[in-house]
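K.L.:
Can you look at this prediction? I've put the sequence above it.
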Amino acid sequence: MSKNQSHFFAHLARMKLINRWPLMRNVSTENVQEHSLQVAMVAHALAMIRNRFYAGNLDPFRIATLAMFHDVSEVLTGDLPTPVKYYNPAIQQEYKKIEQIAEQKLIEMAPDAFRQDYAELIDGQYQSEDEKFIIKAADIICAYLKTLEELSAGNHEFELAKRRLDNILKDYKSDEVNYFLTAYVPSFSLSLDEITQE
């Protein structure tokens, strides 16, 4: 490989090959690339809601970019199902180590001139707990939206996941999360005809 050549973007492009929810029957499959874009959009919205209505001082563009990269390590690790990942603290801790190794490997693949820039995006160097929270909340909201879509399509496999995520979102007691859930989430249970009617 020549000095200027990098496999970084070729690896990132494989995010579309990593399916989420691997142990569950899906009416519509979702890959990590699709999920990451949705998380970025929702995180951007949460940051704007916080700034506009709740005296926040976040950079929505920075948060959206961080969110785009929040799951990139999965191109090397795959998506470990939640019941396995969080089965007990020991597994959770070991998986975190695996994620960190994968993140470091990706950072090392990044073009030399931009390695530090990508390191800040990939290894979760958040500037504040608020940034970290917004991205995590967006991730949970997007998983919740997936459960709504599957349930709307008649797939009862996602009922327990929906209840679990519902409880997590309520426990946040977050103004911006509650705003998003009230203003935007009900539409996800409607048909195309219903959301396009004037």
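P.N.:
Received, thanks.

K.L.:
pLDDT below threshold where in this protein?
P.N.:
For the chain, the stretches flagged by pLDDT under 70 are 1-3, 81-87, 198.

K.L.:
And the strands in it, which stretches?
P.N.:
Taking DSSP state E as the criterion, the chain carries no strands.

K.L.:
what residue lies at the spatial centre of it?
P.N.:
Closest to where the C-alpha atoms of the chain average out (Cα atoms, centre = their mean) is residue 139, at 3.7 Å.

K.L.:
residues touching it, list them.
P.N.:
Taking Cβ atoms under 8 Å, 6 or more residues apart in numbering as the contact definition, residue 139 lies against 39, 67, 70. C-betas here are computed from N, CA, C, even on glycine.

K.L.:
what about 6 Å?
P.N.:
For residue 139, the residues meeting the contact criterion (Cβ atoms under 6 Å, 6 or more residues apart in numbering) are residue 39.

K.L.:
what does the one 4 residues further on give?
P.N.:
Applying Cβ under 6 Å, 6+ apart to residue 143 gives the contacts residue 165.

K.L.:
Which residue ranges of the chain form helices?
P.N.:
Counting by DSSP state H, the segments of the chain that form helices are 8-12, 32-53, 60-68, 74-77, 82-85, 89-109, 115-122, 129-152, 159-172, 175-183, 192-196.

K.L.:
wait, which of those helices is closest to residue 21?
P.N.:
Evaluated with Cβ to Cβ, these place helix 129-152 nearest to residue 21, the distance being 7.2 Å.

K.L.:
For the closest one, buried residues please.
P.N.:
Burial within helix 129-152, assessed by neighbour count using 16 or more other Cβ atoms under 10 Å, is assigned to 131, 133-151.

K.L.:
Just the C-alpha atoms of stretch 188-198, please, in PDB.
P.N.:
Presented in PDB, the C-alpha positions along stretch 188-198 are these (Å, rounded to 0.1, in the frame of the first residue of the first chain):
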ATOM      1  CA  PHE A 188     -44.000   6.700  13.100                       C
ATOM      2  CA  SER A 189     -47.000   4.500  13.800                       C
ATOM      3  CA  LEU A 190     -49.000   6.000  10.900                       C
ATOM      4  CA  SER A 191     -49.200   4.900   7.300                       C
ATOM      5  CA  LEU A 192     -47.800   6.900   4.400                       C
ATOM      6  CA  ASP A 193     -51.300   8.100   3.500                       C
ATOM      7  CA  GLU A 194     -51.800   9.300   7.000                       C
ATOM      8  CA  ILE A 195     -48.600  11.300   7.200                       C
ATOM      9  CA  THR A 196     -49.200  12.900   3.800                       C
ATOM     10  CA  GLN A 197     -52.700  14.100   4.300                       C
ATOM     11  CA  GLU A 198     -53.200  17.800   4.600                       C
END
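
K.L.:
Residues contacting it, please?
P.N.:
For stretch 188-198, the surrounding residues in contact (Cβ under 6 Å, 6+ apart) are 145, 148, 152, 187.

K.L.:
How about the third one: what's its closest non-neighbour residue?
P.N.:
Sequence neighbours aside, residue 189 is the residue nearest to residue 152 in space, at 5.2 Å (criterion: Cβ to Cβ, 6 or more residues apart in numbering).
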